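**Student:** here you go, sequence then predicted model.
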Amino acid sequence: MYFARRGEPEHRPAGDQSAKSRLYALDGLRIIAALMVVAFHLMAYDGTGWTTSVKDHFPSTYLLSYYGWIGVQLFFLISGFVICMSCWGKSVGDFAISRVTRLYPAYWFAVLVTAFALWLFPGVRDVPTLSNLAVNLTMFQDPMNVDRVDSVYWSLWVEVRFYLLFTFIAWKGLTYRRLVIFCLGWAVAGLIAAKVDNELLTTVVMPEHCWYFIAGIALYLIYRFKPNALLWSIVAVCFLIGQHFLVTAHRDNQFYAGFKAPLWPALILLAVIFAVMAAVAAGLTNWITWRWLPTAGTLTFPLYLLHEDLGWIFIRHMEHRLHPYAIVAILVTALLIASWLVHRYVERPLGRWLRRKLKASLEETRLYSHPDSYNITGKLSDLESLSHPYDPRASAHMTPQHKERDS
């Protein structure tokens, strides 16, 4: 991921690569967030993988692994930060293409592989029907009230709603002022949604999650331009309100984990996450340039998508054959290798192909939307025909409507 350096003027020409540097620290934070979630699901979650309590399998580490669920909040913070760069200087169409090609190739693969594994090894989760599988491929299973193929997909609907909200500001182009107004407006809407308890407003505004995205956007503005009291205040308010909703999330995850855990480590971990992201925004992590971090960062999304149901299937079949720590070590190693293979042979080639097709479709939409364009052959528009030299032989194939127009 590449980002503009701090202090750059807002009118810097788009596409100027000379003033950009890679934030290796973000790649590291992404893989850490993914591994935190993996630890929670495999070592602290009394799901359908282990047939006995995780407290019996991991007596010294289950409590530490429990707090891995906060990795999702770190994902949201990073997403708010990086989405600005994904959209800065780009049209809304290009922004949409970048999001689609980023999410869907690995997601499609994960949905199909997970569904096939559940069919092949039943018992971990209900086998999805073909209808539910089809809806899951759209990534819109949550608004359709359709069961997810894998429960980790819940966070994708949160991300998609963030992208849809961000599209409104991307439509006019990103500027410092517009992003600040967007952050403040979304924060006010989040407060209102938390108060009025309206289902539609809550679905759109996401009062329990919006604070992490807003903080990420403010931190990016600090990084791209310079820190000031307003931006730091936005980050601070987001942390203070975000910790309130973290309490509710903690209560829910205790229920899923099947045991009680103290709240204070979760609050401290959230504070550490905000502090680390603030250090990234302030440029304090620019010295981190370890060459393996970008590769590690590419494993994040496939690892997140593949680990839960496939991991539980592996655990179910190996629980009584190997030591629990050996099972987790083998499983995580296999998942990391599989994630690299998915990135190399699914995400990259399918993403490139999908990007070409979507860009071509976007260009056709722009071309055919021109007020002077009309369809001649089903493939050629008037604007395209004007770019070619006149061919007398072509006049013999013109329709009466075309001749009348040209006269």
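**Tutor:** Cool, the structure landed.
**Student:** for residue 215, give its distance to residue 234.
**Tutor:** For residue 215, the distance to residue 234 (CB to CB, to the nearest Å) stands at 7 Å. (Glycine included, C-beta is placed from N, CA and C.)
**Student:** quickly find the element holding residue 83.
**Tutor:** Per DSSP states H and E: residue 83 is located in helix 71-87.
**Student:** oh sorry, the question was meant for residue 248
**Tutor:** Using DSSP H and E, residue 248 maps to helix 229-257.
**Student:** go on, residue 312?
**Tutor:** helix 300-318.
**Student:** what do you get for residue 34?
**Tutor:** helix 24-43.
**Student:** what's that helix packed up against?
**Tutor:** Applying 3 or more CB pairs under 8 Å, 6 or more residues apart in numbering; DSSP states H and E, one finds that helix 24-43 contacts helix 62-66, helix 71-87, helix 264-281, helix 293-298, helix 300-318, helix 324-342.
**Student:** which element follows that helix toward the C-terminus?
**Tutor:** Counting by DSSP H and E, the next helix or strand C-terminal to helix 24-43 is helix 54-57.
**Student:** any idea how many residues pack against residue 63?
**Tutor:** By other CB atoms under 10 Å, 19 other residues sit near residue 63.
**Student:** these two touch, right, it and residue 261?
**Tutor:** Yes. Contact criterion CB atoms under 8 Å: residue 63 and residue 261 qualify, at 6.1 Å.
**Student:** quick check: angle from the helix holding residue 34 to helix 229-257?
**Tutor:** Helix 24-43 runs at 20 degrees relative to helix 229-257, counting by axes from the mean of the first three to the mean of the last three CA atoms, to 10 degrees.
**Student:** avg pLDDT for helix 24-43?
**Tutor:** Averaging pLDDT along helix 24-43 gives 96.
**Student:** what do you get for stretch 145-164?
**Tutor:** The pLDDT scores in stretch 145-164 average 96.
**Student:** who's in contact with it?
**Tutor:** With CB atoms under 8 Å, 6 or more residues apart in numbering as the test, stretch 145-164 has contacts from 37, 41, 72, 75-76, 79-80, 83, 99, 103, 107, 110-111, 114-115, 118, 125-126, 128, 132-133, 135-136, 139-143, 203-204, 206, 209, 213, 304-305, 307-309.
**Student:** show me how to select, in ChimeraX, the buried members of those residues.
**Tutor:** Burial among the contacts of stretch 145-164 is assessed by 16 or more other CB atoms under 10 Å; the matching ChimeraX selection reads:
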select :37,41,72,75,76,79,80,83,99,103,107,110,111,114,115,118,125,128,132,133,135,136,139,141,142,206,209,213,304,305,307,308,309
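**Student:** all helices of the stretch 51-200 of the chain, in order?
**Tutor:** In the stretch 51-200 of the chain, the helices defined using DSSP state H, counting those that start in this stretch lie at 54-57, 62-66, 71-87, 92-120, 130-136, 154-170, 176-196, 199-205.
**Student:** off-centre distance for the last one?
**Tutor:** Right, the one you point to is helix 199-205. With CA atoms, centre = their mean, to the nearest Å as the basis, helix 199-205 stands 20 Å off its chain's centre.
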